[in-house]
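Colleague: mind looking at a prediction? Sequence and model below.
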Amino acid sequence: MSELKVVESRTPVFFDRFERKDENQHQTHYCPGCGHGVAHKLIAEALHDLGLQDKTIMVSPVGCSVFAYYYFDTGNVQAAHGRAPAVATALKRSNPQAEVISYQGDGDLAAIGTAEIIHAANRGENITVIFVNNSIYGMTGGQMAPTTLIGQMSTTTPWGRRPNNDGFPMRMSELISTLEAPAYVERVALSDAKHILQARKAVKKALELQKQGAGFTMVEILSPCPTILKMEPVAARRYVAEVLTKHFPLGVYRDRKPEFTPVEVPQKGLAELLGASDKGTPEDVCHASKQRTKAKTIKVAGFGGQGVLLLGQLVAEMGMREHMEVSWLPSYGPEMRSGSAHCHVTLSHERIGAPVITHPEVLIAMNEPSLRKFGPSVKAGGVIIYNGKALPEDLSFEGVTVDCVPANEIADQIGSAKVANIVMLGALLEATDCLPFTTAEEIVAGVKNKKLAEMNEKALAAGRDYVDKEVMVGAVAGPDGCGN
Ligand SMILES: Cc1ncc(C[n+]2csc(CCOP(=O)(O)OP(=O)(O)O)c2C)c(N)n1
Ligand code: SF4
């Protein structure tokens, strides 16, 4: 008997052992006969053939293939449900040399992730999407997917999918190929050896096109899910061949390089484009404001109509004029007036990571509910500036300086309740010394309405003077809760 020779071996794009439970490190977590394993193999082989393993980042979805990172010895990122194309976009744009694959099931891509896939395709992102369509939600036990066939039973369509109740099956390859930007879209099937070979070619072609920078490529793979379909693996494959392909015709839906007509972009500096002044070199001013800046994270809270969001914007604008990094994040309910509103403002000399502020160094509370809600979250050593003569009797904030400024009354005396937020801005600058007063003067005096500009100037000065003269600077909340 002649000696047997191994001519095929596992591609090195797969790990030798999978980081799974000890006893399962040699096998995948997929059910016997599942198409995901075959689809993985096609990708791994194509990456190997194209020499792309070390450049590849796989984005795995939520669904049965969530653990794709167990198997691919490439870069791996796991995205939230439906968000893989958005994550892939970010990865590709920040690593243009990388080969980025967004691997998704039909629930992930065509239900919760419809927006992401359509827009990534429409932008012509240079990524490859491998879309595994098994016509059902596998991982969660067989709910209807957008690709579920008419009449097909699922746990959420126990009488079969009815178009008048559940809509029609969505043909994503056809839909996406109506867009201008995609470069290559093909639907293939894991039904038999011949079709699997065709699927292999399609996956390789898509990855090769991405490597050449062609743009958005997608391969839709009709795939068996024997477990949910309650079929033997062979019968499930036959189902793909005889039923799924009838409803989702195989073939190439798009194969052309998209043409983008370049649009002329005005060659202006960012400051000029935004209409902002550009005084001094960033280094000079930055150095100057570094000396001053004490408060960095500020939360402004109140109800709609009090100018809460505008106050935050003004502080952010001042920070920009001082060449600082700034972020402004608004949060408000559906009501335009009287609903609660707040914003987070960060001023920094370094790049800002997240704009959300959980524990601000400064809270400007324009009303009592905001004081009660956010007061306890202010950092120890921080400052609360409260729009009122005194704190409510039952409130006190240990280790925090509280300045009570009756901004509404001061604004009324100046002539308009509207400028209460500017009174608070003056108070903020005096209480924290976070930004130069002159910058605020420039901004508030710059409004077109002359009368309002005058009132703004008065309000700014009044807020500053109130804290300077009426509030004991540096006081920590006393028994009555207030610093004065
Ligand atoms: C935000 C969110 N919503 C819902 C779920 C529940 N969930 C997990 S997987 C899944 C559907 C997956 O189906 P599909 O994309 O077709 O992948 P398959 O499991 O069939 O491969 C759903 C709805 C979740 N994990 N997260
Ligand atoms: S449930 Fe279906 S899709 Fe999920 S692993 Fe099993 S066969 Fe594959």
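Modeller: That came through fine. Ligands and ions are numbered 1, 2, ... in the order given.

Colleague: can you give me the strands for the chain?
Modeller: 56-60, 75-78, 99-105, 128-133, 184-189, 217-222, 251-255, 297-303, 325-332, 340-348, 362-365, 383-386, 401-404 (DSSP state E).

Colleague: direction included, what does the first one pair against?
Modeller: Within its sheet, and counting by DSSP bridges, strand 56-60 is paired with strand 75-78 (parallel), strand 99-105 (parallel).

Colleague: quick one: is the last one near ligand 1?
Modeller: Yes - Strand 99-105 comes into contact with ligand 1 when judged by C-beta under 6 Å from any ligand atom, the residues involved being residue 105. Just so you know, the C-beta spots here come from the backbone N, C-alpha and C atoms, and that holds for glycine as well.

Colleague: is that strand anywhere near ligand 2?
Modeller: No - Strand 99-105 does not reach ligand 2 (C-beta under 6 Å from any ligand atom); its nearest approach is 7.3 Å.

Colleague: got the angle for that strand vs strand 128-133?
Modeller: Using axes from the mean of the first three to the mean of the last three C-alpha atoms, to 10 degrees, the inter-axis angle of strand 99-105 relative to strand 128-133 is 10 degrees.

Colleague: list the contacts for the residue of the stretch 201-350 of the chain at minimum distance from ligand 1?
Modeller: Going by C-beta to the nearest ligand atom, ligand 1 is nearest to residue 225 of the stretch 201-350 of the chain, at 6.2 Å. By C-beta atoms under 8 Å, 6 or more residues apart in numbering, the contact set of residue 225 is 31, 34, 35, 134, 135, 136, 138, 236.

Colleague: in TSV, list those along with neighbour count.
Modeller: Output for the contacts of residue 225, formatted as TSV (neighbours: other C-beta atoms under 10 Å):
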residue	neighbour count
31	17
34	25
35	28
134	30
135	28
136	25
138	27
236	25
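
Colleague: mark which of these are part of helices, please.
Modeller: Of these, the ones assigned to helices by DSSP state H are 35, 236.

Colleague: out of the contacts of residue 225, the closest to ligand 1 would be?
Modeller: residue 138 (3.0 Å).

Colleague: what residue ranges in the stretch 301-450 of the chain score low on pLDDT?
Modeller: 334-338 (pLDDT under 70).

Colleague: ranges for the helices of it?
Modeller: Ranges of helices within the stretch 301-450 of the chain are 308-321, 368-374, 407-414, 420-432, 437-445, 450-465, based on DSSP state H, counting those that start in this stretch.

Colleague: out of the ones you listed, which comes closest to ligand 2?
Modeller: Closest approach to ligand 2 among the helices of the stretch 301-450 of the chain (C-beta to the nearest ligand atom): helix 368-374, 44.4 Å.

Colleague: show me what the closest one is packed up against.
Modeller: strand 297-303, strand 340-348, strand 362-365 (3 or more C-beta pairs under 8 Å, 6 or more residues apart in numbering; DSSP states H and E).

Colleague: mind doing that once more with 6 Å?
Modeller: The helices and strands touching helix 368-374, judged by 3 or more C-beta pairs under 6 Å, 6 or more residues apart in numbering; DSSP states H and E, are strand 297-303.

Colleague: partner strands of the strand it packs on, parallel or antiparallel?
Modeller: strand 340-348 (antiparallel), strand 362-365 (parallel).

Colleague: among the ones you listed, which is the most enclosed?
Modeller: Highest mean neighbour count of the strands paired with strand 297-303: strand 362-365, a mean of 30 (counted as mean count of other C-beta atoms under 10 Å).

Colleague: now that one: how far from the chain's centre is it?
Modeller: Offset of strand 362-365 from its chain centre (C-alpha atoms, centre = their mean, to the nearest Å): 27 Å.

Colleague: most tightly packed of the strands paired with strand 56-60?
Modeller: Ranked by mean neighbour count, the strands paired with strand 56-60 are led by strand 99-105 with a mean of 29 (mean count of other C-beta under 10 Å).

Colleague: centre of the chain to that strand, how far?
Modeller: Counting by C-alpha atoms, centre = their mean, strand 99-105 comes out at 18 Å from the chain centroid.

Colleague: got the angle for it vs strand 217-222?
Modeller: Using the same axes, to 10 degrees: strand 99-105 against strand 217-222 is 30 degrees.

Colleague: what lies in contact with strand 99-105?
Modeller: 52, 55-61, 63, 65, 68, 84-85, 88, 91-92, 127-132, 210 (C-beta atoms under 6 Å, 6 or more residues apart in numbering).

Colleague: alpha carbons only: can I get that strand in PDB?
Modeller: Taking C-alpha atoms only, strand 99-105 is exported to PDB below (Å, rounded to 0.1, in the frame of the first residue of the first chain):
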ATOM      1  CA  GLU A  99      -7.800  44.800   5.300                       C
ATOM      2  CA  VAL A 100     -11.100  45.200   7.300                       C
ATOM      3  CA  ILE A 101     -13.900  42.600   7.300                       C
ATOM      4  CA  SER A 102     -17.300  43.200   8.700                       C
ATOM      5  CA  TYR A 103     -18.800  39.700   9.300                       C
ATOM      6  CA  GLN A 104     -22.500  39.700   9.900                       C
ATOM      7  CA  GLY A 105     -25.600  37.600  10.200                       C
END
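
Colleague: to residue 407, which of the strands paired with strand 56-60 lies closest?
Modeller: Within the strands paired with strand 56-60, the stretch nearest residue 407 is strand 75-78; the backing value is 47.4 Å (C-beta to C-beta).
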